[in-house]
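Novice: Quick check, what structure comes out for this input:
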Amino acid sequence: MPGENAGLFGQLQQSLGSVIELVRVRLALLGTELGLEKQRLATGLFWGAVAFMSLTVAAVLICGFVILLLWDGYRLAAVGVLALLFLGAGLYLLQVAQRRLGAGSNLFSASLTELERDRTSFTANAPHEPR
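Specialist: The predicted structure is shown next:
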């Protein structure tokens, strides 16, 4: 019977090795997804900052142009209308940002899908106890 115990122990060791390898692969997938998300966020923040600076300069120049154009008769009206336009745009963009941040993220969705497949696979292959 010692061969039977060694076979059982060997099979248990092999199963444990398979589980460890499965966890290692899933952690590697998780790390890859985290790296991709970090890169996506950094790129988005960079281009967002560049766009913000460009739009800020453009807005200042447009405001200056409109105020100088209407300097003789309507300079106060021009400043008031431009201020209201920027206030409205700022409030609208603030709402858009709040909706986007409230929607959540699909970070680690591939990892979660794979882990769910693994769980389903293990529970389907597990021996059921008779009732």
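Novice: all helices of this structure, in order?
Specialist: Under the criterion DSSP state H, the chain contains helices at 2-69, 75-102, 109-125.
Novice: Turn those into CSV, including mean pLDDT and mean neighbour count.
Specialist: All C-beta atoms are positioned from the backbone trio N, CA, C, and that covers glycine. Shown next, in CSV, are these (pLDDT from 0 to 100; neighbours: other C-beta atoms under 10 Å):
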stretch, mean pLDDT, mean neighbour count
helix 2-69, 86, 11
helix 75-102, 88, 11
helix 109-125, 73, 12
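Novice: My understanding was that Cys63 contacts Leu85; is that so?
Specialist: No - look at Cys63 against Leu85 with C-beta atoms under 8 Å: they stay out of range, at 9.5 Å.
Novice: Can you tell me the closest non-neighbouring residue to Ile67?
Specialist: Once flanking residues are discounted, Ile67 sits nearest to Ala78: 5.2 Å by C-beta to C-beta, 6 or more residues apart in numbering.
Novice: contacting residues for the one you found?
Specialist: Residues near Ala78 by C-beta atoms under 8 Å, 6 or more residues apart in numbering: 66-67, 69-70.
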